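K.L.:
Structure for the following, please:
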Amino acid sequence: MAGASGTPSSRDGAGLDAVIKAYDVRGLVPEQFDADLARLLGAAFVEVLGIRAEEGGAGAVVIGQDMRPSGDDLVAAFAEGVCSHGCDVIRIGLASTDGLYFASGDLGLPGAMFTASHNPAQYNGIKLCRAGAAPVGLETGLREMRDLVEAGVPAYSGPAGSVTTRDTMPAYAGFLRSLVDLSSGRELSVVIDAGNGMAGLTAPAVLETVAGLPELPLRITPLYFELDGTFPNHEANPIEPENLRDLQAAVIAAGADIGLAFDGDADRCFVIDERGVAVTPSAITALIAERELQRRPGSTIIYNCISSRAVPEVIAESGGVAERTRVGHSFIKARMAETGAVFGGEHSGHFYFTDFWRADSGMLAAMHVLAALGSAPEGTTLSSLLSRYDRYVASGELNSVVTDAAAARDRVRQAFTSRPDVSFDDLDGMTVSTPDWWFNLRPSNTEPLLRLNVEAVDAGTMESVRDEVLAIVREA
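P.N.:
Just a heads-up that it's a prediction; the model follows:
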């Protein structure tokens, strides 16, 4: 039925489709996502996942939230929905998304993290997981939740659950510190841009003040550590180059060894070297893969189809097995479970660890980079440490607005089909490859866009391929 404004209600099919995405719930507050919908989703979460203890479920849900002003009301409503259907709630308060994943794994409970990640302040959302931080997406519960909300969640007549609070931050920080030893390296000067997001809380907790653990040889310069969900300085979205400029300038001004940038919910990390140059997530994937393979020789490492060719090359050179998969955390985590992979990396700055319930953690990735740099010989810079992974030239992700994505993709396929040494695969969108270059063209899940990524052996080749594909995609 229609809402008061005449636009679709967030409880009907059109409204729900706008809010329930492939991997999470996300929308404008309150136009698309309000307390009423949060309450219904809490009840649907219990019903779809079978969480009630008397039905063999965990009997409780753990809930965290980021610093967005809308979070308190939405969390309270979701908790009310969970409790009204016979389950308890454990609220951990302000947390990063990987902090919620830790609580889910450590407590063995399904979880809900209220965040809209890197989106602007007027948005909020929920990232859901089963016990052990196993993802909940459209194919693993979200679609059933959507359908149940649209049909009407049936009332539950049993006893209601209760809400308690728990501080999981010390255990989270201690657990991360147990996975990566940062205490024995040389002293590093580190600038951290939290973007007014949750890293402003988690970075000091993990890297500065862990009770009972050694003090770390890190001199941290904080940038925008004040939690502020209105993002007064810049968007907490480090994949966009303009949001890295303050960090780059601060690294150069401080003569720092490294800069770290986190998104709003701190599950992604981007790295700046000592020259103020952004490091590609593919280089970080290769570095961590090499470290993990030193601990577990011969293991499988996951990388997505947008990652640099340097990633599988380094994995092979390190004696590992490289496994290529689609973009997206649900595919990465599922493939890690199927293959027993110890680590996975994506071009978007998400890094997944088998020691962290196969979940992604920006802080854990940052710690691996700090450990690698800190243990390198005195005088080693981050750029020199990573130079062996810098083998190709990449375009970065380029978006084109199209009215017919399939037609544009078909034009590109036709243009390249007869070229020598060209191969095609359709693992995720369309990837076209030769020995000297490759590109991937894939549609957005939520917008009328085609996303292009190109990589080649040199800048001239990359630019030539990039410009040719863009001209075909954007032709009127």
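
K.L.:
domain parsing for this structure?
P.N.:
Per automatic domain parsing, the domain ranges recorded for the chain read 13-167, 171-276, 281-389, 393-473.

K.L.:
could the ones you listed be laid out in TSV, adding mean pLDDT and mean neighbour count?
P.N.:
C-beta: built from backbone N, CA, C; applies to glycine. Formatted as TSV, the entries for those read as follows, by pLDDT from 0 to 100; neighbours: other Cβ atoms under 10 Å:
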stretch	mean pLDDT	mean neighbour count
domain 13-167	96	21
domain 171-276	96	20
domain 281-389	96	21
domain 393-473	94	16
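
K.L.:
List the contacts of the nearest residue to residue 135 once chain neighbours are set aside.
P.N.:
Closest residue in space to residue 135, ignoring its immediate chain neighbours: residue 330 at 4.9 Å, by Cβ to Cβ, 6 or more residues apart in numbering. Counting by Cβ atoms under 8 Å, 6 or more residues apart in numbering, residue 330 makes contact with 22-23, 135, 137, 139-140.

K.L.:
Using a markdown table, lay out those residues together with distance to residue 203 and secondary structure.
P.N.:
Conversion of the contacts of residue 330 to a markdown table gives the following (distance: Cβ to Cβ, whole Å; DSSP: H, G, I helix; E, B strand; the rest coil):
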| residue | distance to residue 203 | secondary structure |
| --- | --- | --- |
| 22 | 29 | coil |
| 23 | 25 | coil |
| 135 | 25 | strand |
| 137 | 28 | coil |
| 139 | 34 | helix |
| 140 | 31 | helix |
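
K.L.:
Which of the residues you listed sits closest to residue 356?
P.N.:
Closest to residue 356 out of those is residue 135 (13.2 Å), distances taken as Cβ to Cβ.

K.L.:
hang on, isn't that closest one packed against residue 129?
P.N.:
Yes: between residue 135 and residue 129 there is a contact under Cβ atoms under 8 Å: 5.8 Å.

K.L.:
Enumerate every residue touching residue 389.
P.N.:
Contact partners of residue 389, counting by Cβ under 8 Å, 6+ apart, are 282-283, 286-287, 308, 310, 314.

K.L.:
Which members of those occur in helices, if any?
P.N.:
When helices are assigned by DSSP state H, the members of the contacts of residue 389 inside them are 282-283, 286-287, 310, 314.

K.L.:
List the residues that contact residue 24.
P.N.:
Listed by Cβ under 8 Å, 6+ apart, the contact partners of residue 24 are 125-128, 137, 142.

K.L.:
Could you rerun that using 10 Å?
P.N.:
Contacts for residue 24 were tallied using Cβ atoms under 10 Å, 6 or more residues apart in numbering; they are 97, 113, 115-117, 125-128, 135-138, 142, 329.

K.L.:
quick one: residue 327 and residue 265, what's the gap?
P.N.:
Summarising the geometry, the distance separating residue 327 from residue 265, computed by Cβ to Cβ, to the nearest Å, is 19 Å.

K.L.:
Residue 370 now?
P.N.:
Using Cβ to Cβ, residue 370 is found at 21 Å from residue 265.

K.L.:
So residue 90 is in contact with residue 166, correct?
P.N.:
Yes: counting by Cβ atoms under 10 Å, residue 166 is a contact partner of residue 90 at 5.3 Å.

K.L.:
can you list residues touching both of those two?
P.N.:
The contact lists of residue 90 and residue 166 share 62, 103, 107, where a contact means Cβ under 10 Å, 6+ apart.

K.L.:
if I've got this straight, the second one is in a helix?
P.N.:
What that stands for is residue 103. Yes: when the secondary structure is assigned by DSSP: H, G, I helix; E, B strand; the rest coil, residue 103 falls within a helix.

K.L.:
residue contacts, it?
P.N.:
Applying Cβ under 10 Å, 6+ apart, the residues contacting residue 103 are 62-64, 90, 92, 95, 109, 111, 113, 133, 166, 168-169, 171-172.

K.L.:
Among those, which one sits closest to residue 404?
P.N.:
The nearest one, if we look at these relative to residue 404 and count by Cβ to Cβ, is residue 113, at 36.1 Å.

K.L.:
what bridges to that closest one?
P.N.:
residue 64, residue 127 (DSSP bridges).

K.L.:
can you list contacts of stretch 204-211?
P.N.:
Taking contacts as Cβ under 10 Å, 6+ apart, the residues outside stretch 204-211 that touch it are 96, 99, 169-170, 172-177, 180, 182, 190, 192, 194, 199, 213, 215-216, 218, 220, 222, 225, 260, 363-364, 366-367, 370.

K.L.:
For that stretch, measure first residue to last.
P.N.:
12 Å (Cα to Cα, to the nearest Å).
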